[in-house]
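Turn this into a model:
(chains A and B)
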Number of protein chains: 2
Amino acid sequence: MDRLTIALDVMGGDHGPQVVVPAALNFLRATQDVALILVGKEEEITKLIPAGVLGDRLSIRHATQEVAMNELPSKALRQKKDSSMRVAIDLVKSGEAHACVSAGNTGALMATARFVLKTLPNIDRPAIMTSVPSMTGSTHLLDLGANVDCTAQHLFQFAVMGSETVTAVEGLAAPKVGLLNVGAEEIKGNEQVKGAHELLARSSLNYIGYVEGDDIYLGVVDVVVTDGFVGNVALKSSEGLAKMVRHFLTENFNRNWLTRLSALAAMPVLKRFRRKFDPRRYNGASLLGLRGIVIKSHGSADVLAFENAIHIAEKEIHCNIPERIAHRVGGQLDAERQQRPIA
Amino acid sequence: MDRLTIALDVMGGDHGPQVVVPAALNFLRATQDVALILVGKEEEITKLIPAGVLGDRLSIRHATQEVAMNELPSKALRQKKDSSMRVAIDLVKSGEAHACVSAGNTGALMATARFVLKTLPNIDRPAIMTSVPSMTGSTHLLDLGANVDCTAQHLFQFAVMGSETVTAVEGLAAPKVGLLNVGAEEIKGNEQVKGAHELLARSSLNYIGYVEGDDIYLGVVDVVVTDGFVGNVALKSSEGLAKMVRHFLTENFNRNWLTRLSALAAMPVLKRFRRKFDPRRYNGASLLGLRGIVIKSHGSADVLAFENAIHIAEKEIHCNIPERIAHRVGGQLDAERQQRPIA
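Take a look at the predicted model:
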């Protein structure tokens, strides 16, 4: 392939082709050189594509199966070898695509990507990272649910992967890394967190120490590291709060003609608010630590959100994320190992 | 004491007497029969009280020491036996007060309360619970940081304490209880959470199963149970997001005369927004599972927020929370034990 190519799992997510195909068409219009492969049921996909659009930059790869949103990862892995998700990942493995994007079941996506692509050397477990808005720009948070029980060493690896990715993608020479804890005092936290704190403190990362939940949004650090359980709850609870705030504002500005009029007056600020906190602008989480680029879109993503996830895939291709992490992790972990007595 | 009496740790929190004394005076004006004991440095406190106010309903108990906000709990316990925090808790132990409120260091407060008051029978560890606004009213969340590593049995006890307290305080016959997890599928979650899920499923609680982070705010359940690490991060990250939203709205409505004018027009909605999401209205977390009522105020609480925490203490006295939990936990845990084979 001479052209950057991204495979899209068309059947994944709550809306499948209805969202993925229009997002692909928008993405093609917004970019110049990237090609997309739509993976899924050919008949369903073809119906949604205007005549004359298929060609060099847009092709279809038929896949007969789909992974359900609540399907067990192990079952998806064993019984869905021709699913749109699996075939999209296979295209990355074979080199026909440089990255893939899926809005499907997170557990199945991670299990399949790990099985097909394998993890990088010195990485025990891949992690999921996303960015969220912060007071000073954005913060990257990982892990988001791939790993519910983590050792200190796992957390340390997440920190290295997160830092390296943010360096590449955001152009920050030394991103500030914080370790999520329940308090800033050294006495707090569980054993894994304390162990990771020690590993990070003597690493070459720009580690600034423990941070608390509110620091995710206050812009104190560029990368927040935590285990998948905590990261997932932090992200989801924020999503819930944001949804409640939006719901409240919409409902209250629509109460009567007076409030509707006031909403009109406040429109410039409300629009800016909507844009700043629009979760669609942050859609697209990276599966880091694999020998290939896999981007997870939110299952409920709409066209704009899914298109954003494709742009993230493109950026990670340009930045060579897996190669960069491999390089950094090799170095980091070797340095780390030299400091530890041989067991 | 014939009158309901609440002891206040005057020296605790970021602002000490400057906040606690005015909050106490406001509380006295707002209520009729409750008495307050101000515990702390008499000289500092006296200066803040208008002439003629001290009497039946307001007294001072001198305490020579203070617990610093970052002091180690073990040190506070050993070396600060005449701190305002310790003396306030001692007053609950001796029966001179029915409850105490402190904005001091959470770790020291929990350690001291546990040491002085002791835990209830059948309760392994006390937990911290607060309420947060939700789409349908409010949700109670526990634990918030008292326990960073929890077994299934601990989580189960938290659920029982939370449910019983919400029944008493909110008047709900069978509060809906959810267990915080990373996904609704049974396969997800760590061992402790899966174990607690099984205990809860065969309990007499109105257990509706796993919930995710966003459900805290969507009003799906009345009580959300999790360990202290996850609960603390969920609450703090929400606080951070809320702070960012408020900051954004304030800044953007103050950009120029046009936006300031539009803020004026939108004032009724913005006021309602501010009120609904005012963290001060939710200030006052309960230390549950102790043989006495202890309420933790946010360290940065202002006068309104601290007054709210005193009202929560009053409510818990009226509801006899410790006695109710003791009764319920005895029953619950016994029923639970009968179902388990004797080890």
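
which residues in chain A form helices?
Assigned helices in chain A, in chain order: A:17-30, A:42-47, A:73-79, A:84-94, A:106-117, A:152-170, A:191-201, A:215-218, A:228-253, A:257-265, A:267-276, A:303-318, A:321-339 (criterion: DSSP state H).

Check those helices for me: which has the lowest mean pLDDT.
The weakest mean pLDDT among those belongs to helix A:321-339, with a mean of 73.

could I have stretch A:16-28 exported to PDB, CA atoms only?
C-alpha atoms of stretch A:16-28 as PDB (Å, rounded to 0.1, in the frame of the first residue of the first chain):
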ATOM      1  CA  GLY A  16     -23.400   0.300  12.600                       C
ATOM      2  CA  PRO A  17     -23.300   1.300   8.900                       C
ATOM      3  CA  GLN A  18     -25.800   4.200   9.400                       C
ATOM      4  CA  VAL A  19     -23.000   6.000  11.300                       C
ATOM      5  CA  VAL A  20     -19.800   4.500  10.000                       C
ATOM      6  CA  VAL A  21     -20.500   5.000   6.300                       C
ATOM      7  CA  PRO A  22     -21.500   8.700   6.400                       C
ATOM      8  CA  ALA A  23     -18.500   9.300   8.800                       C
ATOM      9  CA  ALA A  24     -16.200   7.700   6.200                       C
ATOM     10  CA  LEU A  25     -17.600   9.800   3.400                       C
ATOM     11  CA  ASN A  26     -17.100  13.000   5.500                       C
ATOM     12  CA  PHE A  27     -13.600  11.900   6.400                       C
ATOM     13  CA  LEU A  28     -12.700  11.400   2.700                       C
END
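
Out of the helices of chain A, which gets nearest to B:Asp90?
Proximity to B:Asp90 (Cβ to Cβ) singles out helix A:191-201 among the helices of chain A, at 32.8 Å. Using the backbone N, CA and C atoms, a C-beta is placed for each residue, glycine as well.

to the chain's geometric centre, what's the distance from the closest one?
For helix A:191-201, the separation from the chain centroid amounts to 25 Å (computed by Cα atoms, centre = their mean, to the nearest Å).

Buried residues, it. List them.
Residues A:192-197, A:199-200 are the ones in helix A:191-201 that count as buried (16 or more other Cβ atoms under 10 Å in any protein chain shown).

just the angle between it and helix B:228-253, please?
Per axes from the mean of the first three to the mean of the last three Cα atoms, to 10 degrees, the angle that helix A:191-201 makes with helix B:228-253 is 60 degrees.

same for helix A:191-201, what does it pack against?
Where contact means 3 or more Cβ pairs under 8 Å, 6 or more residues apart in numbering or on different chains; DSSP states H and E, helix A:191-201 is packed against helix A:152-170, strand A:176-180, strand A:206-211.

gap between the second one and the chain center?
Read it as strand A:176-180. Computed by Cα atoms, centre = their mean, the separation of strand A:176-180 from the middle of its chain amounts to 18 Å.

Given it, what are its sheet partners and their directions?
Taking DSSP bridges as the criterion, strand A:176-180 forms sheet pairs with strand A:206-211 (parallel), strand A:223-225 (parallel).

so which of those strands comes closest to A:Pro17?
A:Pro17 sits nearest to strand A:223-225 of all the strands paired with strand A:176-180, at 34.9 Å, using Cβ to Cβ.

from the chain's centre, how far out does that closest one sit?
Going by Cα atoms, centre = their mean, where strand A:223-225 is centred and where its chain is centred differ by 14 Å.

Tell me the pLDDT of the residue nearest to A:Gly231 when sequence neighbours are not counted.
Counting by Cβ to Cβ, 6 or more residues apart in numbering or on different chains, A:Gly231 lies nearest to A:Leu144, which is 4.7 Å off, once chain neighbours are set aside. A:Leu144 is assigned a predicted lDDT (pLDDT) of 92.

ok, now which ones touch A:Leu144?
A:127-130, A:228, A:231-232, A:235, A:285 (Cβ atoms under 8 Å, 6 or more residues apart in numbering or on different chains).
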